[in-house]
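Chemist: Curious how this folds, go ahead:
(chains A and B)
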Amino acid sequence: MDEYDELFEVQDDFDEQFADELEVLAELEEESFKPKRSARGPADDISDIEHLLHDQPITPKAKRQKQDASVAKRLFNTSQTQQSKAPAHGDDITPPSSPEQYEPSHTFRAASAVLDISGFAAIPETPSRPDTAAPASLCVLKRPPLEGEFISVTDSSGRRVYLRQKDASTRVAESRIVPNSYGSLGLLAVPIGELKEQAAEKRHQQVVEESERLTKLLASSVNDAFVEAETREDKENEDPEDAEALASRLWVDRFSPRHYTELLSDDFTNRCLLKWLKLWDTVVFGKERKSRPFRSDRQASNQSSFKPNQGNQNQNRFKSKIEVTEELLEAELDQYKRPRFKVALLSGPPGLGKTTLAHVIAKHAGYNVVEINASDDRSAEVFQKRIDTATQMKSVLGANERPNCLIIDEIDGAPAAAINILLAVLNRKDGHGAEAAAETAKKKKKKEAILLRPIICICNDLYAPALRPLRQQAFLLTFPQTQTSRLAQRLAEISLRQGMKADTGTLTSLCEKTDNDIRSCINTLQFLYSRGHKQLDTKTLQSVSVGQKDQNKGLFHLWQEIFQLPRTKRKRVGEGFEEVPGSGGGAQRFQHILHLASSSGEYEKVSQGLYDNFLSMRIRDPSLMSVCDALDWLSFSDRLHQVILHGQNFSLMKYLPFLSVTFHFLFAHTHVPRISYPHSQHEAASRLLGSKNALATMLSDIPACIRTRISQHILSLDILTLLLDIICPKLRPVNPQLFSSKEKEQMRELIDTMLAYNLSYRQDRTPEGQYTYVLEPRVEEVVRFSGLPPRRQLTYQAKQTISREMAQERMRRAEQLMLQRNPAKQEEKKSSGPKAPMNHQQRLENIVKQTIVESRPEVDFFGRAVAPKPQRAQASSDTGEKCVVLAMGTAVGNSDVWFRFNEGMSNAVRRSVYIRELL
Amino acid sequence: MSLWVDKYRPTSLGKLDYHKDQAAQLKNLVQCGDFPHLLVYGPSGAGKKTRIMCLLRELYGAGVEKLRIEHQTIVSPSKKKIEINTIASNYHLEVNPSDAGNQDCVVIQEMIKTVAQSQQIQSSTQKDFKVVLLTEVDRLTKEAQHALRRTMEKYMATCRLILCSTSTSKVIGPIRSRCLAIRIPLPSTEEVCTVLTSVCKKEGLLLPPELAKQISEKSGRNLRKALLMCEACRVQQYPFSVDQDVPETDWEVYLRETANAIVSLQSPQRLLEVRARLYELLTHCIPPDVIMKVLVRELLSNCDGQLKTEVAHMAAYYEHRLQLGNKAIYHLEAFTAKFMAMYKKFMEDGLDAMMF
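Modeler: Residues are numbered from 1 along each chain as shown, chains lettered A, B, ... in the order given. The predicted model follows:
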């Protein structure tokens, strides 16, 4: 079968095997351990996955194989005919056989290629199974084909079928014609001569490469013929293109898992991610999701029949964990048939195989992987472009016609802007939800389409600040540590294949040393191997300093290490000698803490944590000497900080981690310490800021003559406490009008003081619904300490009185100020007025001239009698316009009230009213 | 203007109540209409600002008292905007450069220099120099002080500086040498009593001499505080009684309680409690050096003679570190712990001596 056919088969098999599950899978699983597996297409992989999906949680690999075998046996009866794939195809023979059997598959392909992203509704359903019969492999027909030779066969039940006869040459031609359309009539797409040439060239190249490699090998690795033999073996095992880069390749790449079952990471995590990815099948591949109850039934039966040895308690133990993720995964698809979480976020320390897992799973689920990582430019625009390209487009040319799956690696290093863009892409549907179905025309106008492809994000630090918004919308998967036994087993496999001798104990200790970091383990192995160590033992491992990462363990871990003595029984690898309890451990503990502290880097935070926690440790220190020492060290490091920051003398920074070491030797204890996060300094700083702000508010409006005498410090140290006492005099709880003159004087002074110092009472409502008056600005909190006897407070009524009086006083003062300025204006009016009489006066003149002046008592707007104003009269008489004034008479000229007929205007009546008249 | 402190503040050099010799000297100083740069220093509440304002009034007349507040915005070379309030009359300008925090250097370089450079317009009617009054000079950073040096010399013709600070120890030598230093000491207890009595008389109140003495002692001869206390007493109770309790500032009471807590028990747990109290004080805008000073005073009153010298020594040591460092709480607590250790040892030794 050539590549082209296989491709179709992939799609079809995928459909089929998704429908009929375990039977075939079990077989394939068995097959998959034959060396032949690498030659098989991805279809098989998918089947494996399907199988695993229904498998129960974490089971060691070896065990599962056995079970699978039993599965196969049991199912053998039911699926006798499905011995291999070919008969399976042969079973569904299609009645409408015709020469154009290619047609249906062609249409299917077209459909998938066109796969419209903007409107999913427009996508046709996947053609049903019988229509998409496997193309070339299907040569069993029920009716004799119209053209070509055939052989008729009758089976046991008497049915007659026709087998089409084909010769090899036509097949080659047929398949060649499609991809490269030239050479249409020739039997071969490429002339035979050319092919020959190519073959010769290839051979030559291989020879050259081989010789090159051999010389390289001879140069680099010194001795054994063993190596050569081994590499030759390797070469036979690997594909030819693998072999060519063999010498230069890292083992990490060479032995990286290419198959789901080879993954070392935690089974549960793997399965969760796979399930999540499978949820996308509906929208990406257009497959209907299987109904849940059916599957669970199946699962249950599988469990009961296949796993009798699996303990019940074991199941229970994982039940909750499963339930949680099941819940997440079984959640209903949204209106576009996408899963609820559009993004999976994998997190965990480096070297656990996160990236590998994502790649392998995406590949197995039938996606084409597009990766964005930290090495790419991740500025906002570029990121947007890349996301759009990856999720909305699809390669049309070439063999890679699978839908894309975007993997964003190392996302914790991306700028916040980029992550916001990602979020925007995720949430695109929200606005257009309703219209999407209705208006397709409008859709074309919109350049932004909804997300229809899965995105997998990978990060080390899940709690990076930039990721905060993403965390809420992502399907979170945290990677647990790789199991040491599994990792050691893999290492053993690798070393065996490389001809390195290493016992399991040594490998386990290597795993421990690197904290189960797969990458680092394999790298160390390769490093040792290339240095000529063919025999690996614990001694050599200990002498090597590689594999120890400069790792950042988190502050709490650091604090814990500082305050806790290491348990003496535990034998640590890679820290030199065996621990001698007591004296010998000192130097080593010193180094250990120093290393941890200096690698953490956040000295400020570390020292704060130490400061906040050291007093609550169990200190056997009756004379307080160690506490004194610790505080001396703290103040020393504070000084050091000051010098570093002030003089930018960063070379002194190397002395900072010693603080942690001191604390370790002073306060370390075998008990597990209870450590709380240091809040105190931050809290104090924010409260200090609050007080300062209150004082600044108060100072800002104090008049200049007082302002010059006081500063913030004087205010907080001397004045404020006493001032607050002074403004709380004893007042008789009566109406202020009934105050005696002395009391009135007191009140006036009080209000003067409060105004001078910019204090006032503001009515406020407590949460309980009571009204209170609070002093504004809030300086009370600045000077009052909790725990001291409370000062005398004014009653609500007194405060109310004061508040009202203050408001009146303020208005009085404001008016005074206005009056001080106004005289100048009035002067102006008087000087300018007579020269150009105002409008109303002109109008009134005319009116007055015609009407008879009635002598009525002058009454203002409020009905009060208005006393004539002599000055005014004088002023106007001074100007020498007596005739006009006289003519206007007493009715208008001297009055402050003017009436003007002005429809619809509220300013028809004007009257200047002074505050002093109202109060 | 109704607090007694403000109401009865003397406005001319002749009306000052105490340090009259010094007042006469100041009067002579400005007699000729000119004076050198001044560095006025002395503890808080001694009357520095009062004397400076009197001096200015003597020099320029009543126009100095017409003050206005100006908000100024300065742009630092790093394009950072600094807002600062100044108080100015037509003749002088008052700035507190430490309001700008670490950027005070910019204030000195930009603002003071601009003011100092500009000539007076009508030199015939006015004095031919302006006065710039810098307050809280001891809180200036070293950079700012160095920036001030050249300005002081270069623009001597158009500008006089009056620096006001509580102590000279934080003023760098070059600046001290360019100024005429005037120390304003605290008034004596009797002087405080006299002032209090005269103020009460003006208010029409009768202050018993015992109470006056008590107030002046409680205030630590800080006249501002004494007057405020007196007024608070008046609000609390009038007519005055001799054994009336005088209101104190809260933080001092709180600090006294803290000192008592330290003396009564010495253990890590107690140290934790003390830490919380110290934090409380710091967040109430009490400067750490003041805390240290008052704490030591309170602790010393609880110590025996032999221990006193040691405690004073340790206090000086930690106070110095406090000035050098940044996080006051570490140093305050270090001092507290040290005191605890010393005190505990002292008490145990004393007990041993008693036993044998």
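Chemist: Contacts only, for the residue of the stretch 51-200 of chain B found nearest chain A.
Modeler: Nearest residue of the stretch 51-200 of chain B to chain A: B:Leu67, at 3.7 Å (C-beta to the nearest C-beta). (Each C-beta comes from the backbone N, C-alpha and C, glycine too.) Contacts for B:Leu67 (C-beta atoms under 8 Å, 6 or more residues apart in numbering or on different chains) come out as A:704-705, A:707-708, B:87-89.
Chemist: Regarding the spatially most central residue of chain B, what is its secondary structure?
Modeler: Geometric centre of chain B, nearest residue: B:Ser44, 3.3 Å, by C-alpha atoms, centre = their mean. Secondary structure, DSSP: H, G, I helix; E, B strand; the rest coil: B:Ser44 is coil.
Chemist: One more: A:Val774?
Modeler: Relying on three-state DSSP, one would call A:Val774 strand.
Chemist: ok, it touching A:Arg762?
Modeler: Yes: A:Val774 is within contact range of A:Arg762, at 5.7 Å (criterion: C-beta atoms under 8 Å).
Chemist: can you list residues touching both of the two?
Modeler: In contact with both A:Val774 and A:Arg762: no residue, using C-beta under 8 Å, 6+ apart.
Chemist: what number of residues lie near A:Lys654?
Modeler: By other C-beta atoms under 10 Å in any protein chain shown, the residues close to A:Lys654 number 9.
Chemist: quick one, what contacts it?
Modeler: A:Ser598.
Chemist: Please go through chain A and pick out the longest helix.
Modeler: helix A:796-832 (DSSP state H).
Chemist: list the buried ones in that one?
Modeler: Within helix A:796-832, the residues that count as buried by 16 or more other C-beta atoms under 10 Å in any protein chain shown are A:798-799, A:801-803, A:805-806, A:809.
Chemist: give the contact list for the closest residue to chain B within the stretch 251-400 of chain A.
Modeler: Nearest residue of the stretch 251-400 of chain A to chain B (C-beta to the nearest C-beta) works out as A:Ser379 at 25.0 Å. Each residue near A:Ser379 by C-beta under 8 Å, 6+ apart is listed here: A:415, A:417-418.
Chemist: neighbours around B:Asn90, how many?
Modeler: Neighbours around B:Asn90, by other C-beta under 10 Å: 12.
Chemist: surely it meets B:Lys66?
Modeler: Yes: between B:Asn90 and B:Lys66 there is a contact under C-beta under 8 Å: 7.2 Å.
Chemist: name the element B:Ile84 belongs to?
Modeler: strand B:81-88 (DSSP states H and E).
Chemist: can you tell if the next helix or strand after that strand touches chain A?
Modeler: Tracing the chain past strand B:81-88, the next element assigned as helix or strand by DSSP H and E is strand B:92-95. Yes: judged by C-beta under 8 Å from any C-beta of the partner chain, strand B:92-95 comes into contact with chain A at B:Glu94.
Chemist: And strand B:92-95, what does it pack against?
Modeler: strand B:81-88, strand B:130-135 (3 or more C-beta pairs under 8 Å, 6 or more residues apart in numbering or on different chains; DSSP states H and E).
Chemist: tell me the angle the shortest one makes with strand B:81-88.
Modeler: Right, strand B:130-135. If you take axes from the mean of the first three to the mean of the last three C-alpha atoms, to 10 degrees, strand B:130-135 sits at 110 degrees to strand B:81-88.
Chemist: Buried residues in the strand holding B:Ile84, which are they?
Modeler: B:82, B:84-88.
Chemist: got the CA positions of it in PDB?
Modeler: Extracted in PDB, the C-alpha atoms of strand B:81-88 (Å, rounded to 0.1, in the frame of the first residue of the first chain):
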ATOM      1  CA  LYS B  81       7.000  65.200  38.500                       C
ATOM      2  CA  ILE B  82       7.500  66.300  42.000                       C
ATOM      3  CA  GLU B  83       4.800  68.400  43.700                       C
ATOM      4  CA  ILE B  84       5.700  70.500  46.700                       C
ATOM      5  CA  ASN B  85       3.900  73.100  48.800                       C
ATOM      6  CA  THR B  86       5.700  76.300  49.600                       C
ATOM      7  CA  ILE B  87       4.600  79.000  51.900                       C
ATOM      8  CA  ALA B  88       5.600  82.400  50.700                       C
END
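Chemist: Other residues contacting that strand?
Modeler: With C-beta under 8 Å, 6+ apart, strand B:81-88 has contacts from A:700, A:704, A:707-708, B:67-76, B:93-97, B:99-100, B:103, B:106-107, B:111.
Chemist: pLDDT averaged over it - what is it?
Modeler: Averaging pLDDT along strand B:81-88 yields 88.
Chemist: Can you give the domain ranges for the chain?
Modeler: You didn't pick a chain, so chain A it is. A:254-287+A:321-429+A:452-478, A:483-547, A:550-567+A:586-677, A:683-821 (the TED database).
Chemist: I was thinking of chain B, sorry if that wasn't clear
Modeler: With the TED database as the reference, chain B has domains B:4-183, B:189-236, B:250-349.
Chemist: got the end-to-end distance for the shortest one?
Modeler: Right, domain B:189-236. 23 Å (C-alpha to C-alpha, to the nearest Å).
Chemist: anything in that domain near chain A?
Modeler: Yes: on the criterion C-beta under 8 Å from any C-beta, domain B:189-236 is in touch with chain A at B:222, B:224-225, B:228-229, B:231-232, B:235-236.
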